[in-house]
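> have a look; sequence and predicted model below, questions after that.
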Amino acid sequence: MEYNFKEIEERQRQNLQKNNIYKVTEDKNKPKFYVLDMFPYPSGAGLHVGHPLGYIASDIYARYKRLKGYNVLHPMGFDAFGLPAEQYAVQTGQHPAVTTEINIKRYKEQLSKIGFSYDWSREIRTSDPKYYKWTQYVFLKMFHHWFNNKTQKAEPVETLIKEFEKNGNTKVDAACGDIPRFEAAVWNGMDEAEKDDVLMNYRLAYRSKTKVNWCPALGTVLANDEVKDGLSERGGHPVVQKDMMQWQLRVTAYAKRLLDGLDTLEWSDSLKEMQRNWIGRSEGAEMYFDIKDKDEKMLVFTTRPDTVFGATFMVLAPESELVDKITTAEKSEEVDEYVERAKNRTERERMADAENITGVFTGAYAINPFNGKEIPVWVADYVLAGYGTGAIMAVPAHDSRDYAFAKHFGIEIIPVVEGGNIEEASYDAKSGKMINSDFLNGLEVKDAVEKMINEIESRGLGKRKVNYRLRDAIFSRQRYWGEPFPIYYKDGRAIPLSEDELPLTLPDIDDYKPTESGEPPLGRAKNWLYKGKYKYELSTMPGFAGSSAYYLRYMDPHNDKALVSKEANEYWQDVDLYIGGTEHAVGHLIYSRFWNKFLFDLGYTVKAEPFKKLVNQGMIQGRSNFVYRIKNSNTYVSYNLRKKYDVTEIHVDVNIVHNDILDIEAFKKWRPENADAEFILEEDGKYRCGYAVEKMSKSKFNVVNPDDIIEQYGADTLRLYEMFLGPLEQSKPWDTNGIEGVFRFLNKFWRLFFDNEGNINLSDEEPTKEEQKIIHTLIKKVGEDIERFSFNTTVAAYMVCANDLAKIKCNKKEVLENFLIVLSPFAPHITEELWQLTGHKDSVINAKFPEFKEEYLKEDSIKYPVAFNGKTRFTVDLPADIKKEEIEKAVLEDERTKSRLEGKEIRKIIIVPGRMINIVI
RNA sequence: GCCCGGAUGGCGGAAUUGGUAGACGCGCAGGACUUAAAAUCCUGUGCCCGGUAACGGGCGUGCCGGUUCGAUGCCGGCUCCGGGUACCA
């Protein structure tokens, strides 16, 4: 019987669906295991062969865990809100809900063919009101909570109000905006609107002014990377920095917990490092500098207070309010001009160009509080308003950027730590002895920092400070296709809906562009008013809103009373394995950790961290092929002959090229202008193409669709081949040509079960020692490799096993059934089919992963490599259990050793029992 | 600029903790079966030199150096490629 993958896969797809085999419940008799994929945005282009890589890996792991006796939650859903659907709507007028629905349908079709073990009954879509009700719900909860620094927890705003009534904010230590101290009497004397304004400074979801890239022509806000040289990327319209009232989430409140939590996670070190850098904790001090002849002070944050005697200039960010206040009359024109220019550059632009050193002297001087020295104050755009205090003391001798600035403008450089050479470069290292620093002289940097901070505090100049680079998340988007805010406005005050009024559903509109007056698209919604009277918030939530708590919803996706029930959450707890791409390393993975910590504070989740283990799959790159057309002709010259001509390199569809040999007939049909193309072939009569590894994209004609692969080889082959390509976490090019290898393997595996007449033919005889050794080697290897996500070597192990068993014509039922079970996570269809053909009624999914028995792998003898001076020359077979001395004796008696030693003296013999022998001569 | 990865045959890759470099697969070459082809099976295949051959020798994991009896894996210094990014004081 032939391996008819089409029939088999179709039959088993239906069989498994029909029997609801992938459905999971909270089965308390089994340990739980939660395997999650980063859910996809359903784009109009459909899946290409790179998308399922992570899904296949997680599916293999999920199936493996099931075989190991776990109750595995392995759901899938869609991150269905997003910009592409909206842009398509702007162009075509089609409702994003309609196109999104079509795209999801296509995604599901494609996914279902690959044979994933998803429990589709748990599917979620972020754009479904039944789902986003809970996104809005969490937003409201954040609105109604503040963060108490003392308890390091979110607490209800009511408790804060009670405290205000009693003591004002004098005793409150909260994560909050810049708000002055007030007494209870002041609070109690405020009207509702004033109280609202105060509370906004404390809420975890709050409204405040932020700078945005505003494009008047497009009537919308742009992301940093949509702005190039002050112009919008789309259309090239001018972009200005504008203050806008925006909703924000007070992520910074959780900075410490987000940082500390990383230590508990099984994530890659590089990913944790990225998160640490993003959170950016730095220890130092905040200190005030008086301004000469002005009644102003300048507050700076520095991690190197020890270097204050080397501060030779100060820098203010162009946005700093202090700039206007201290700039002298004669400098004001120059400064204004500089500030104006800097303001209209995006933050990213300012940082991208590090070569251009710019800045202007304000004419003002700060006074060094430790030696009374006057220090010139500059304005420069390498200092950012959003970080620290927006002002620095510059120590060019010990900071490379300050150094470059000082060199450029000819500012004095005073070394205060021994070890560098200021003629050549700054000395940034945090070690060495202090010099030129009065009372710090002679101290090590570390000690000097401590002493200086104590000094700053005791002299009342400032205080010790831990600074975070993390910023609050801007939560408003001037878009249509997102979650509406459950907020309406009454007399200019933002009023939340009550929870029982959720969800606030997205209204239909007839055009998806911003309004003429520059309002977001929701401004077009007719009669969209709270109780027919009050205007709703017109912006919508960003992409990360819906993806921040989705993992919780899968635990209990149809619950209309809660985001997740206590029972379900207590059973499933957290995600044991999360697989996805590195592009979400800091965005999604910071925000979802933040949401989870907030929900944890409220008692809605039992785990402080949502994703215990995380694996980043690498990117699958495209492998493009090229043909070479001789210029001004319709003649194509083969790769190895191209240098003899003046040619143009042209991308050719990889689907009509096999092992870099062009299918000339297919090429002629590919495009009309190719019909009468001529070819200069190589000696073997073939047209050879060039190749390159690049991003997989339509324009490069290197996109490979999984549907086509499945059509030609089947889903099991696709799954195996995706894994066989290389290490999961590494980026690698897709090249369909190698796929024959795994396809042949599956054919070989299939044939093991049949005799020459095509009948199932398995023997109940006891397996031989050799057979047991072959299969137990595999059982051991598969278990170990899957546990360490080394799926490419697992596939190689399957191949070795099939080759070995075929060689000895093994048809023992026990052996082949074990093979079948350990292969099933990778190739679910073929194994399910054979499982049934061998007489089983239940699915192989519910089988037990065979236990590996060490006794079958025991070797009587070991093949020792014998090396001379580290170079292996030959091998000797020696009994496995002999001692070092016996090994040495045996090796020295070997003829081959003797012939090598002729006339030479042995200086040393290294013997590692069980491993190797090295003779040094 | 900074941070994080990576570089091994013609190609994808293996070598799990410093112990036989190149598993497995593709491709290629040769052979068996066949009227022929497909499929399947068998053999060979890192590079160079010598030999009809068995075999022998040298080189070899991006480059330069180091540690070690022994380095693809460790240390120092580079080059190139990929990804991320925020001039973060």
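It's in.
> how about the helices in the stretch 551-700 of chain A?
A:566-572, A:587-601, A:664-670 (DSSP state H, counting those that start in this stretch).
> check the stretch 51-200 of chain A too.
Going by DSSP H, counting those that start in this stretch, the stretch 51-200 of chain A shows helices at A:52-67, A:83-92, A:96-114, A:129-143, A:157-167, A:184-188, A:192-200.
> buried sites along the fifth one?
By neighbour count, and taking 16 or more other CB atoms under 10 Å as the criterion, the buried residues in helix A:157-167 are A:157, A:160-161, A:163-164. From N, CA and C alone the C-beta is placed, and that goes for glycine too.
> go on, the longest one?
Taking 16+ other CB under 10 Å as the neighbour-count basis, helix A:96-114 is seen to contain the buried residues A:96-97, A:99-100, A:103-104, A:106-108, A:110-111, A:113-114.
> kindly export it (C-alpha atoms) in PDB.
The C-alpha coordinates for helix A:96-114 follow below in PDB (Å, rounded to 0.1, in the frame of the first residue of the first chain):
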ATOM      1  CA  PRO A  96     -12.700  46.500   8.600                       C
ATOM      2  CA  ALA A  97     -14.900  44.000  10.300                       C
ATOM      3  CA  VAL A  98     -15.800  42.500   6.900                       C
ATOM      4  CA  THR A  99     -12.300  42.200   5.600                       C
ATOM      5  CA  THR A 100     -11.000  41.000   8.900                       C
ATOM      6  CA  GLU A 101     -13.700  38.200   8.900                       C
ATOM      7  CA  ILE A 102     -12.600  37.100   5.500                       C
ATOM      8  CA  ASN A 103      -8.900  37.100   6.500                       C
ATOM      9  CA  ILE A 104      -9.600  35.100   9.600                       C
ATOM     10  CA  LYS A 105     -11.500  32.500   7.600                       C
ATOM     11  CA  ARG A 106      -8.600  32.100   5.300                       C
ATOM     12  CA  TYR A 107      -6.100  31.900   8.100                       C
ATOM     13  CA  LYS A 108      -8.200  29.300   9.800                       C
ATOM     14  CA  GLU A 109      -8.400  27.200   6.600                       C
ATOM     15  CA  GLN A 110      -4.600  27.400   6.200                       C
ATOM     16  CA  LEU A 111      -4.000  26.600   9.900                       C
ATOM     17  CA  SER A 112      -6.400  23.700  10.000                       C
ATOM     18  CA  LYS A 113      -4.600  22.000   7.100                       C
ATOM     19  CA  ILE A 114      -1.300  21.900   9.100                       C
END
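> got a list of contacts for it?
A:9, A:13, A:40, A:42-44, A:46-47, A:52, A:55-56, A:76, A:78, A:80, A:85-86, A:88-89, A:118, A:120, A:125, A:127, A:480-481, A:512, A:706-707, A:710, A:715, A:718-719 (CB atoms under 8 Å, 6 or more residues apart in numbering).
> at 7 Å what do you get?
Under the contact criterion CB atoms under 7 Å, 6 or more residues apart in numbering, helix A:96-114 has outside partners A:40, A:42-44, A:46-47, A:52, A:56, A:76, A:78, A:80, A:85-86, A:88-89, A:127, A:481, A:706-707, A:710, A:715, A:718-719.
> what residues does the stretch 751-900 of chain A have near RNA strand B?
A:781, A:784-785, A:788, A:790, A:792-793, A:795-796, A:799-800, A:803, A:806-807, A:863, A:865, A:867, A:869-875 (CB under 7 Å from any atom of the strand).
> put the buried members of these into a PyMOL selection.
Restricted to buried positions by 16+ other CB under 10 Å, the PyMOL selection for these reads:
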select buried, chain A and resi 781+785+790+792+793+795+799+867
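> that concludes my questions; thank you for your assistance.
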